[in-house]
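>>> coords below, sequence missing:
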């Protein structure tokens, strides 16, 4: 099961209390204060883990709860700090905080609620090993040993530990790729990514074969490489949450380039000219900034009848659009496509 957005509740540990204690040993009847400090509360930390590629684990257990610090003790003994809790997330995870849940009780109530959540972006985790403290543990209290002075030889003062931070958070995965494949179902995106890289998405002759984003790595000479993402096929109205595309359009917001894969043979009864216009409009409706990304057209299925005529009409309609004719199934034109990716994406990425 692929999970790319989820709501979780997190709570850091409370700090332990400082204590009031007195040194009482044989022959030291008035030894003075020796109350120790409490331990710090454990943090809740998110860590980018290269072995994690989904947020599925939080579907089964959407809570990250750290441990409280222990109270101090006599003989100036400091309480044990609470153990922190680490939540593993894949690279490309954006973290949002529900700003209207500032207490644990508020977090619990809001976590159970379906409405009224106000989200604020607080972190964008993209690098392997990157850490982010989601909830800070509470500060420890001080024992009465800290309050002794020449004028107060027997202090009763001590401080309590402070509560740890808590809240409701929203994790959203945005796959990191250099180029994103965008197209209608059955345009041949899955076949294309399987031919260009070692990725093995499901390929079949029916719509919505791809049910989750697939990222493949394309290797080039000189130890250069780039990543391409196969996004589940869009349909008209995807920006309004129709079909599967709306759920996954977020995954191309990090791409450096968009490749619109079109069925140039019109084998599904489609018109490539109309397809490009609809896809460009869907991208713009979803995110106007995304529509400004560099883009090219990959004219697929050039081995099928009618493709040459459709391509001629397409170029006449869009004379300024860069078009790369290919047949992913027959592995024709892929060298030209890889050459473009090498020069346009991999070269800039690795320099």
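All right, it came through fine. Just so you know, these numbers come straight off a predicted model, no measurement behind them.

>>> any chance you could list what contacts the host helix or strand of residue 296?
Element membership of residue 296 [criterion: DSSP states H and E] is strand 295-300. Residues outside strand 295-300 that contact it (CB atoms under 8 Å, 6 or more residues apart in numbering): 181, 187-188, 192, 257-264, 272, 276, 307, 311, 314, 318, 321-328, 337, 340. Just so you know, the C-beta spots here come from the backbone N, C-alpha and C atoms, and that holds for glycine as well.

>>> domain parsing for the chain?
5-173, 179-349 (automatic domain parsing).

>>> got CSV for those domains, with mean pLDDT and mean neighbour count too?
Compiled in CSV, those are given as follows (pLDDT from 0 to 100; neighbours: other CB atoms under 10 Å):
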stretch, mean pLDDT, mean neighbour count
domain 5-173, 89, 19
domain 179-349, 82, 18
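
>>> and the nearest residue to residue 176 once chain neighbours are set aside, how close does it get to residue 297?
Once flanking residues are discounted, residue 176 sits nearest to residue 92: 4.4 Å by CB to CB, 6 or more residues apart in numbering. According to CB to CB, to the nearest Å, residue 92 stands 26 Å off from residue 297.

>>> cool, residue 66 as well?
50 Å.

>>> same deal with residue 215?
Noted for residue 215: a distance of 21 Å to residue 297, by CB to CB.

>>> quick one: list the elements packing against the lengthiest helix in the chain.
Taking DSSP state H as the criterion, the chain has its longest helix at helix 272-286. In this structure, helix 272-286 makes packing contacts with strand 257-263, helix 307-317, judged by 3 or more CB pairs under 8 Å, 6 or more residues apart in numbering; DSSP states H and E.

>>> switch those over to JSON lines; also include distance to residue 59.
Output for those, formatted as JSON lines (distance: least, CB to CB, whole Å):
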{"stretch": "strand 257-263", "distance to residue 59": "30"}
{"stretch": "helix 307-317", "distance to residue 59": "43"}
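
>>> surely residue 189 meets residue 183?
Yes - the pair residue 189 and residue 183 passes the contact test of CB atoms under 8 Å, sitting 5.3 Å apart.

>>> for the residue nearest to the spatial centre of the chain, which non-adjacent residue is closest in space?
By CA atoms, centre = their mean, the chain has its centre lying nearest to residue 93, at 1.5 Å. Leaving aside its chain neighbours, residue 93 sits nearest to residue 125 (4.7 Å; criterion: CB to CB, 6+ apart).

>>> got a list of what that neighbour touches?
Applying CB under 8 Å, 6+ apart to residue 125 gives the contacts 46, 48, 89, 91, 92, 93, 94, 95, 132.

>>> which members of the residues you listed occur in strands, if any?
In strands, defined here by DSSP state E, the members of the contacts of residue 125 are 46, 48, 89, 93, 94, 95, 132.

>>> related to what we said a few turns ago, and the residue nearest to residue 93, how far is that from residue 46?
Counting by CB to CB, the gap from residue 125 to residue 46 is 6 Å.
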